[in-house]
Structure formats: structure tokens, C-alpha cells
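> Here is the input, now give the coordinates:
(chains A, B, C, D and E, ligands or ions: 5)
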Amino acid sequence: MLRVLVGREIKLVFRRKSEILNPLFFFLIVTSLFPFGISPEPSVLGLLAPGVIWVCALLALLLSVDALYREDFDDGSLVQMVMSGVSPASIVFAKAITNWLVTGLPLILLSPLLGVMLNLDNDAFGAMVVSLLLGTPSMCLIAAIGMSLTIGLRRGGILLSLLVLPLYIPILIFGAMAVNAATVGQEFVGQLALLGAGLAFTASLAPWAAGAALRVSLSE
Amino acid sequence: MLRVLVGREIKLVFRRKSEILNPLFFFLIVTSLFPFGISPEPSVLGLLAPGVIWVCALLALLLSVDALYREDFDDGSLVQMVMSGVSPASIVFAKAITNWLVTGLPLILLSPLLGVMLNLDNDAFGAMVVSLLLGTPSMCLIAAIGMSLTIGLRRGGILLSLLVLPLYIPILIFGAMAVNAATVGQEFVGQLALLGAGLAFTASLAPWAAGAALRVSLSE
Amino acid sequence: MAWTWFFRLGSPKWFYQIAGRWQPWIWGLTLIGLSVGTVWGLFIAPPDYYQGDLARIIYIHVPAAYLSMFTYVIMAVSAAIGLIWRMKMAFMFSISCSPIGAAFTLLALVTGSLWGKPTWGTYWVFDARLTSELILLFLYLGHMALYNASDDIKTADKSAAILAIVGVVNIPIIHYSVEWWNSLHQPASLSKLAKPSIDESMLWPLLIMIFSFKLFFISMVLPWLRNNILWRERDSQWVREMIEK
Amino acid sequence: MYQDFSIESEQLALIRGERLLFKQCSFSMKNGQVLQIRGPNGAGKTSLLRVLCGIMEPDQGDVLWCGKSLRKMRESFGANVLYLGHQIGVKRNMTVRENLLFYSNLRQAKPLTTIEEAIQAVGLTGYEDELAAHLSQGQTRRVSLARLLTEPSALWILDEPFVALDVEGQGWLAHLFEQHLAKRGSVIFTSHQSIDLNVKVNTLEVSGGSHA
Amino acid sequence: MYQDFSIESEQLALIRGERLLFKQCSFSMKNGQVLQIRGPNGAGKTSLLRVLCGIMEPDQGDVLWCGKSLRKMRESFGANVLYLGHQIGVKRNMTVRENLLFYSNLRQAKPLTTIEEAIQAVGLTGYEDELAAHLSQGQTRRVSLARLLTEPSALWILDEPFVALDVEGQGWLAHLFEQHLAKRGSVIFTSHQSIDLNVKVNTLEVSGGSHA
Ligand code: HEM
Ligand SMILES: Nc1ncnc2c1ncn2[C@@H]1O[C@H](COP(=O)(O)OP(=O)(O)OP(=O)(O)O)[C@@H](O)[C@H]1O
Ligand SMILES: Nc1ncnc2c1ncn2[C@@H]1O[C@H](COP(=O)(O)OP(=O)(O)OP(=O)(O)O)[C@@H](O)[C@H]1O
Ligand SMILES: [Mg+2]
Ligand SMILES: [Mg+2]
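Numbers count the residues shown, from 1 in each chain, chains lettered A, B, ... in the order given. Ligands and ions are numbered 1, 2, ... in the order given. Okay, the predicted model is just below:
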């Protein structure tokens, strides 16, 4: 079942290649805005790098999720899927998986490039990639809850950010802390463990919450 | 004519109050993400403040524009307006004005609060507000061009950022430069003059370009 | 048998009347508690050893901060009850909590930052507890925004309930943040039940204030709730009869 | 030959906004019956269908599927019912074939008709690999109607299924109804057009719109 | 009494995707005529109407408005023509009254019928201040049809205007066509339903769908 659902999502995304490339470009461009806004000094940039990369990854991920739901809601596909006897939780889970595969993973692969651009400390690349690997899936799952809650509202657009960003903050804190610790040569296993625990927690609970929310939104 | 159009847009926005508040919350929350990601040290924050505030204002503005067009396109209102003999340029201009009144202006009013949170230098508040006052209208107008170009494309969502952000970079540079100059007590009239010139330029040309783009998008 | 009272709570009419009868008593108790606590705290209790009279802000700050968290938990619990037992009243209660909770969160933030200026030398720092309290404010705002964004009251109830439950994860984060991160903020001084690290002369008024704030919450939430009930039941027989009278 | 089923509504009432759309709406239905829901614009036909499908919750009463509350029977209901509303769930960015394939995979039921045959039956031969975005209004509806063939379900709940079809298409669909009945299937539908069906059609009148 | 106008098409041809929808499509029309465009699903009726309105450009030929190319006559065309397509431009977040008011303000033409009268005529009394989002399918279409009354235009170009209307609404619209003709107005429309009009209806057959 999940295979059929994920297969469909990925097919739809690849139909519009810009769908995958856009969040990546967004990540790249917004990240590169900061040197313009703040300072092009390499030493200053190195200081900013972990935070800026994490925040921009978070935003890119947040902005990519709408496309996965909006059209399916508007053209009635979500109702059709739920009516076919598929549990809403698996629909939502499939979307979160797709979101991560199509946006999260490429983002992580791209992050070292940005690390170089922003003069990130050499020792911190590993911590950055691993922390993103652990943090981005949780973010996709949380976004799925927010999206399911707001999809029924006309123009719910940015409301999503209001609901979801507060829940992202802890992930961001630990993620950026891990990278910051790595830049100054400190231990960062603790933060990674917390990110992992967060992932286990969201992976086991978020699909249910999001599924319930989806059913409510469809009843409008 | 413009009065009728702007009146309608504002009425629609106020129908959903969240429409106005959401970009503001987005601005507030995203700005406050940076201290988590980078460092909560007041001295470091003060250094970041001008750039972070400018970049976040830019993003909030960029993300608010979609709502002004999407629904009008989907429900056929844009076609109806054009068919009623209204020039596309005035439709687009009305939307840009609304966008600024409803998002740009409140954003500017909110910016001093963020300045305090991010420990912006006391001397720089004036420069920040004035540079935003001159820069945000241009950004609204440029976003209108981008939106008109991409509205016909299903899921053009993030493509907008890709088209528009590069054009925002000069505005961002001069805006943030003005604030940065003010923090270190330098002269910043030059940068403001450039922002003003940019505004005059976009205000006179952007509506036509966007209007033409809109007509093309509608012919799909 | 023992459960009948629980399901009677689900009847808006019954609840409206009972709440109306209790309301004056609760307000009375609240006023007494608040005035005793205020007088004791501001005039009788000794000034703090280090901070002098400044520390008296504690009698507002700490009760407000506790209440902001307490309200959220109550809101989430009644949301869960609403979802599980399909009880309209529970939803209405849950919805009535968030504006009040947001107000107290704001109060805790404002008193905290007023206190922070003289003690830490700044109104605001990005410290873990302060931040998570700020997140709590955002959660409340998000809850209200979500509820108000929906046209249909049945949908609005349920989506707001789900959000309330999801957001509950933030509460332990706020509480334990001081232990998990080394922060500027005061570590737990009351919550260590065994031996509070606060002088008894300050403890009593503080406890009274904390308790009266809880009462204050109840006396605030009841009118909100009754308003809500009237609005939603405006088409039902009993409301019409009452209005006509 | 479909399995036995029954759907009943018990004293349904629904309020939308300020308006009481229907109350004490009761009916019951079994295999081999056709029910047309009638009423003027805004009477509450669409809303009633959505309640029957369990998408919307009634304010009073309950829908029973095989004697049990619909809420507890979602699985069996989903497997036996096909609902097509105003929004028909045809993805613009998938081809006609992909659309049909996806839904039939979701259901995991063995189709009586292959997808190719269904496409031919609805008159879309030559459009199999066309994106649904490139179809006309009527052709898009035909894609959704093809699902009636590829996903065998005992009960069809159709909201204005004759809309946007050309004359020949309307005849085809009416004929399909008759075939479905012969196989002990049932249909609940709404329509403002007068349709010639060679079978007995029960009707349920929704008057709707009175102030609550 | 409307002004004189004429609309002609000259050897129009349109290709969408790979398909030649029509070629050498010519017709001309003046005040007081009705033209029904006919053809099976996917023939190209909607596409033809969009070309006539200047929304889409034909691949060959041109549309002439009062003898001049449409592209040069946008102003006068807009002032005299009302087009209602599948998407009807009714804003969900505005009330019925606001929707009508906005469009009539845009046109700045003096309405023959007040908005209140128009709302009553389409049978939406009591819904004046209801958001369009809270209307049923048919009621939403009625809002757009009310514009035929509040924005007097000589030529109506209507894409399946009878869809979603109940029986009484269809009769009302047919009657409105007749009144419009009596005032020297004209109508171009498509429909898959058979409509009884007490006037002479010209037809234009679109066959469409051949490979280009
Ligand atoms: C904006 C700034 C501040 C915020 C948002 C804030 C927030 C909070 C919160 C949420 C609590 C309850 C924690 C819990 O129960 O787990 C709390 C308790 C407390 N706060 Fe603050 N606070 C702020 C500033 C301050 C300052 C400047 C001081 C004093 C120097 C202070 C002293 C205390 C004390 C003594 C407690 C009781 C601790 C306990 O018993 O657990 N706070 N504050
Ligand atoms: N989203 C909504 N919110 C509030 N009220 C609504 C909503 N949708 C519909 N209604 C109300 O419900 C009534 C019935 O709507 P419904 O769509 O069920 O009618 P219908 O019988 O299907 O009409 P039609 O023949 O036009 O399709 C409408 O008159 C409207 O007042
Ligand atoms: N966006 C598009 N891109 C490519 N081809 C299209 C597009 N829209 C329509 N077509 C093609 O044009 C043909 C005619 O479409 P059109 O919508 O004009 O038909 P129609 O006569 O209005 O049909 P219906 O009766 O179903 O409304 C379709 O068969 C389709 O192949
Ligand atoms: Mg309907
Ligand atoms: Mg058509």
C-alpha cells in the first residue's frame, strides 16, 4: 500500500522536474543572501555558517511541503484515496517519505557545497551532514501534521509556518548546536542522540496525528 | 478603476485576518530562529541584526504574494477582470499596492521590535526603517512580475523565488549596507538614494512588464 | 453510576447553569486570595537579600509562568477528552483556554523581561527557558489562528484539538530546559518538593499567589466558556427561552 | 454478482452554517436498487451524499452500513463503495492510464475489466497516454467514470454524473447503470437532467434551506 | 437596445498539443442572433470560445470585431461582451452581493437591473450576504448568471451555462436568452443538454480531435 502511494507521489513530482530543483535553488539562493546582508568576511561567515545552513534547510523543507498536498486536496484526490479504504495515516506517511526523499535528501547532499561557500570549519562537515540526516525527517513529519491541519482552509498558506515553526525550534537548536560544537572541536554525540530520539518519537506518533487531522480537514 | 481594484483586494485580505498576521508571524518567528542557530550572544546578534532582519523581511514579503494571485487565477477571476476591459497592468499594480499595504507596511512597523530582540545598535533603527520603507515597495513590484510569469504553471510555487530572488539581491545589498553603515556611525544617504532610484524605476516599469506577463499566462 | 456526572458535564445547558451558580463564589475566593497574596508579598514579606524590593516581581512572574503551562495542559487534556468521547463541551472548554493562556504567557514574558533588565542587564536573551516560553506563546497564537481560520465550527474544534495535543510536547521542554541547558534563568526552586531552596517567609505568599492565580484562571475561563456556549447554542430551545425571559 | 450489503440512514439531520438542510431524513437501500436524490439547487443533495459516504458528520442520526455505524465499518465500506463527487480526483499531471492504474492498485481488488478496455468503453482511445491536464471537461469526467469499470464496487454514489457528458456519453452511462443493477449492484445519484432508465428508480426528495 | 456589433471569424485553425481541433472555421454573427456550438466531448468547443474571446490565440486566421482584428479592439470588445467559462470567477471569500458589485463597478456601465433585483431574479434571495464559499454548486453558477443582468452587454459568450442548474433554473435561463434577443442582444453558447428556445438557433458543428 505504502509502496503504491509513494510511487504515485514520486511520479507526480518527477512529472514536474522543477518540483525537485526549486527547493534546492531556494536553499542555495537564500543561503547566499546572507553574505550580502551581513558581511562577506570569511571569518564572520564561518561563524554564521552552521546556523544559516540549518535555518535555510528548514525553510526550504517547509516551503516544499505545500505542493504535495494542495493539488491533491483541490482536485478531490485526497477524498478519493480515503474513500478507497486507505488509512489517512498511510497517505500522510507516504507524503512525508516522498518529501524527504525528494527534498530533504538532495538538500543534505547539497549542504557540503554551501559549507564550502560559507567557509564552514573543516571539522564540522561531518556533524552537519549527520545532524541534517537525523533532523530533516522529523521536520518532514511535523510539516505533515501542520499541512493536514491547514489544508482545508482557503489561504491557510502561511498559517502552516505559524503552526510548524515552533515545533521545529528544538530540532534546529540541537542541530545547529551539534555543528557549532564540532566547529570548536567539542563533543557533539549528545545533541545527535537527542535528534535521533526526536526522530523516533515523531516517526511513531506524527503519522497518526496527521492522519486524524487529515480526516478532519476533509470533512469540511 | 485602481480604487475599485485595490478595494476588492483589501476586502478579500481582511476577510481572512490571518492573511495579514501570518507574514508578520513568519517574519517574527524566522528572525528569532537565527539566534538559536547561530549564537545567543548579544554582541554577535547585534552584528547579524541588519542582515537577518532584511533577509527575513524579504522572505516574508516574497511568500505573501502567492495568496494574492493563486485563487484569482484558479477561480477564473483574473480572466473575468481582463475580459471586463481592465488593463492587466492596473490589475497587477493594484495587487502590488495591496501587498505592500497589507504586508510590507506592518512588517516595517514590526521591525523595531525585532531590532530590540536582536540587539540592533540604537543608532541604526532609523536607517533600518527608512531603508525598508524605500526597499519593500520595489520588492512588491518585482514579485508581481514574477508571480504573473509563473501563475499559469501548476505548482509554479517555488519557481517564483528562483526568478525573483536574484532581482532582490541589489535591493538587499543597499538596504543592509545602509543599516550596517548606521551601526558603525557612517553616512548612509547614498545607499538610501540608490534604493529610492530603484523604487522610481520599478514603479514606472514593473506594472507594464507584469501586465504583459499576466496576459500571456492567462492564454494557457 | 459514577460516570453520570462526567457525561452530564457534556450537556451545555447543565454546565451553563451550574457554572453560573458557582461563578460568584469563585470570583470571591479569587479576589480574597489575590489580595492576601499581594499584600503579604509586597508589604509583609522581607525584601530579597541580593535584589531588594525588585525580587517582589516574583509574586507575579512565577504564578503567571506556572499558569501559562498549566493552562496548556488543561487545554490539551480537554481537547483529548473531546476527541475521544465526542463531547462538545470539552471542545468548548479547550477553545476557551487559549486566549487566557496566551495572556498569562505574555504576562510571564513581560514580567520576566522587566525583571531581567536589572538582574541580567538585558530585557531579552535567547536562553532555553525564555525561548521555550516564547514558543509556548506562538503555540497559543497558532491554536487561536487555526481555530479562527476555519469556517465550520465542527472542523475547527477538532483541528484545534489535535494541535493542542501535539503541542503538549513543549511543556516538559520548558520545564526541564533549565536542567538540560545551563542557562541564565533561575533553576527550579519550588518544584524540588523535598526542600524548596527559597526562604519560608517568601514561600508562603508565593504559594498563595500561585494558588490564587489558578483560581483566577477558573474565574476567567468560566465566563468565556458560558459566552461560547450561548453563542453556539443560540438556536436551541433553552437559550431562546432564556433570552426571551 | 456483488456481495449483499445494506445502507440505511436513521433520522439524519445536518446543519450547515445557519441553515438546517434536512432533518429526520431516513431511507434504506439494498442490492439492486437505484435511488435518485432530487431537489432544487442548494437543497442539500451534495451534502447528503457526503454524509452517506462518511466524509461529513451529521448533526443528528447516523448512517448504518450492513447494520453497523459507518464509523466502525470504514474498511468494508471503502471496499464496496465508489463515490464520485464534484471534484473527481483525476490528477492533471498523470496520464489517463496512470490515473486509472493508481486507483485500481489502491483498492487491490481484481478488476473485471482491464484498464485498456475501460478506456475504450468511455471513448478515450487514443488518449491513454495523454496527461489529464490536456483533456476537455467532458473527457476528464469520462476518466473518472472509467473507474466504475475498473474498480468493481457494489454501491455507486454519484453526484451529478451526467454533467459535462455529451449526448452519446449520457446514453452510455444510463446503460451502464442498467448493467450494474443486473449484477445486483446499486446506485445512488443526483441529477438535474431527466434521464431515461429502464429500471425502477426510487426517489428521495431533499427540500432544504430552511433556517435552523 | 444594444448598439450594433458584428463578430466574424476568418478561417480559424487551432492546434492544441498534437491535435488539430478545427480549421477553416468561419462564421459571422450580428445583433439578435443565437449561435449554439455543438460537438462531442473534446471536440474543441471550449477552445473555440476562448479564441473568440481573445484569451487564446488561433494558429491561423483571426477574429474580427466590428470588422477589425480583435487584438486592436480590446476596449470595445470588453465593454460589449460577457464571457462565462467553466471557471466563472465567483470569489469564494466575497458575499454574493460583493461579487456582483465588484464586477459591475469594474465595467462602470449603468446597470439596467439593480443588484438586488438580479439576486432575486436568480433565486438567491436570503443569500445576499452569504459568502460564495457557502453556496452549493448550482447556487454559485446562479451568482455568475446574475451578471448577465447587472452588466448589460450585447454579446454573451457562455460555455455550458445550463450545467448545474435545476430544472426551474434552466427554464429561467432559456427565457432570459429570449428576452436578450428581443433587445437585439446575441448569444453564443455550448450545451450538451437539449434546450427549448422559442427562437431560431444557428448551430456551428465542431468535429475536432483529428491528428495534426
Ligand atoms: C523574559 C524573561 C523570562 C521568562 C520568559 C521566564 C519564564 C519562566 C518560566 C516559564 C518559569 C516556570 C518554569 C517551570 O515551572 O518549569 C519561570 C520560573 C521562574 N522564574 Fe522566570 N522567566 C524570565 C525571567 C526571569 C528572571 C529575570 C528571573 C529572576 C532573576 C526569573 C526568576 C524565576 C524564578 C525564581 C522562577 C521559579 C523557578 C521554579 O521554582 O521553578 N525569571 N520563569
Ligand atoms: N461549505 C459550506 N459552508 C456552509 N454552508 C454550506 C457549505 N456548502 C453548502 N452549504 C449550504 O448547504 C446548502 C446545500 O448545499 P449542497 O451543495 O448540498 O446543495 P445541492 O443540493 O447539492 O445543490 P446543487 O444542486 O446546487 O448542487 C447550500 O444552500 C448552502 O447554503
Ligand atoms: N491545456 C490543453 N493542452 C493541450 N491540449 C488540450 C488542452 N485543453 C484541451 N486540449 C485538447 O483540446 C481538445 C478540445 O478541448 P475542449 O475543452 O475545447 O473541448 P470541448 O469541446 O469543450 O469538450 P467538452 O464537451 O468535454 O467540454 C481536447 O480533446 C484536448 O485534446
Ligand atoms: Mg450539488
Ligand atoms: Mg468544454
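> looking at chain A, which residue lies furthest from center?
A:E41 (29.4 Å; C-alpha atoms, centre = their mean).
> Mind telling me what element residue 62 is part of?
Defaulting to chain A. helix A:42-74 (DSSP states H and E).
> nope, chain C
Using DSSP H and E, C:V62 falls in helix C:58-85.
> which residues touch A:C140?
A:L61, A:V65, A:A96, A:I97, A:N99, A:W100, A:T103, A:G104 (C-beta atoms under 8 Å, 6 or more residues apart in numbering or on different chains). Quick note: C-beta positions are derived from backbone N, CA and C, even for glycine.
> Quick check: what element follows the helix or strand it falls within along the chain?
Taking DSSP H and E as the definition, one finds A:C140 inside helix A:125-150. Next along the chain after helix A:125-150, taking DSSP H and E as the criterion, comes helix A:159-183.
> chain center to that next one: distance?
Put simply, helix A:159-183 sits 11 Å off its chain's centre (C-alpha atoms, centre = their mean, to the nearest Å).
> For ligand 4, see how far away D:S9 is.
Separation of D:S9 from ligand 4 (C-beta to the ion, to the nearest Å) stands at 18 Å.
> ok, now which ones touch that residue?
Taking C-beta under 8 Å, 6+ apart, one finds D:C25, D:S26, D:F27, D:S28, D:V51, D:L52, D:G61, D:D62, D:V63, D:L64 in contact with D:S9.
> A strand includes the second one, no?
Yep, that's D:S26 we're talking about. Yes - assessed with DSSP: H, G, I helix; E, B strand; the rest coil, D:S26 lies in a strand.
> now the angle from the helix holding A:C140 to helix A:42-74?
Comparing the axes of helix A:125-150 and helix A:42-74 via axes from the mean of the first three to the mean of the last three C-alpha atoms, to 10 degrees yields an angle of 30 degrees.
> Would you mark the buried spots in helix A:125-150?
By neighbour count on 16 or more other C-beta atoms under 10 Å in any protein chain shown, the buried set for helix A:125-150 is A:125, A:127-150.
> Show the contacting residues for whichever residue of chain A sits closest to ligand 5.
Closest approach of chain A to ligand 5 (C-beta to the ion) occurs at A:D75, with a separation of 17.3 Å. Applying C-beta under 8 Å, 6+ apart to A:D75 gives the contacts D:Q87, D:I88, D:G89, D:V90, D:K91, D:R92.
> Is it possible to get JSON lines of the residues you listed that adds distance to E:D4?
Output for these, formatted as JSON lines (distance: C-beta to C-beta, whole Å):
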{"residue": "D:Q87", "distance to E:D4": "43"}
{"residue": "D:I88", "distance to E:D4": "44"}
{"residue": "D:G89", "distance to E:D4": "48"}
{"residue": "D:V90", "distance to E:D4": "44"}
{"residue": "D:K91", "distance to E:D4": "47"}
{"residue": "D:R92", "distance to E:D4": "42"}
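> does the closest residue to chain B within chain D count as helix, strand or coil?
With C-beta to the nearest C-beta as the measure, D:R92 is the residue of chain D nearest to chain B, at 6.4 Å. With three-state DSSP as the basis, D:R92 sits in coil.
> about what we covered before: which one in the contacts of A:C140 is the model shakiest on?
Lowest pLDDT among the contacts of A:C140: A:V65, with 88.
> residues touching that one, list them.
A:K95, A:N99, A:C140, A:A143, A:A144, A:G146, A:M147, A:L160.
> ok, the second one - how many residues close by?
If I follow you right, that is A:N99. A:N99 sits with 28 neighbouring residues when counted by other C-beta atoms under 10 Å in any protein chain shown.
> Also the last one?
By the measure other C-beta under 10 Å, the count of residues near A:L160 is 24.
> dump the residue contacts of it.
A:L160 makes contact with A:L62, A:V65, A:D66, A:A143, A:G146, A:M147, A:T150 under the criterion C-beta under 8 Å, 6+ apart.
> Need the worst-confidence member of those residues.
Among those, A:D66 carries the weakest pLDDT, at 84.
> That one and A:T150 touch, don't they?
No - counting by C-beta atoms under 8 Å, A:D66 stays clear of A:T150, with 9.2 Å between them.
> so, in contact with ligand 5 or not, the top helix by length along chain D?
The longest helix of chain D (DSSP state H) is helix D:167-182. No - on the criterion C-beta under 5 Å from the ion, helix D:167-182 is out of touch with ligand 5, staying 12.7 Å away.
> Give the buried residues for that helix.
Buried-residue list, helix D:167-182, by 16+ other C-beta under 10 Å: D:G169, D:Q170, D:W172, D:L173, D:A174, D:L176, D:F177, D:H180, D:L181.
> got a list of contacts for it?
Here helix D:167-182 has contacts from D:32-34, D:121-123, D:138, D:142, D:145, D:148-149, D:156, D:161-162, D:165, D:186-187, D:193, D:195-199, E:40-41, E:192, using C-beta under 8 Å, 6+ apart.
> Give me the residue ranges of chain C where confidence is low.
The model of chain C has pLDDT under 70 over residues C:1-10, C:48-52, C:126, C:178-184, C:188-198.
> Which residues of it lie near ligand 1?
Within chain C, the positions lying close to ligand 1 (C-beta under 6 Å from any ligand atom) are C:58, C:61-62, C:65-66, C:108-109, C:112-113, C:115-116, C:119-120, C:129-130, C:133, C:174-175, C:185-186, C:188-191.
> Quick one: low-confidence residue ranges for chain A.
Using pLDDT under 70, chain A drops low at A:17-19, A:154-158.
> Please report how far the residue most central in space within chain C lies from chain A.
Taking C-alpha atoms, centre = their mean, the centroid of chain C lies closest to C:T71, which sits 3.2 Å from it. Distance, C:T71 to chain A, by C-beta to the nearest C-beta, to the nearest Å: 16 Å.
> so what's that residue up against?
C:C97, C:I100, C:G101, C:F104, C:F217.
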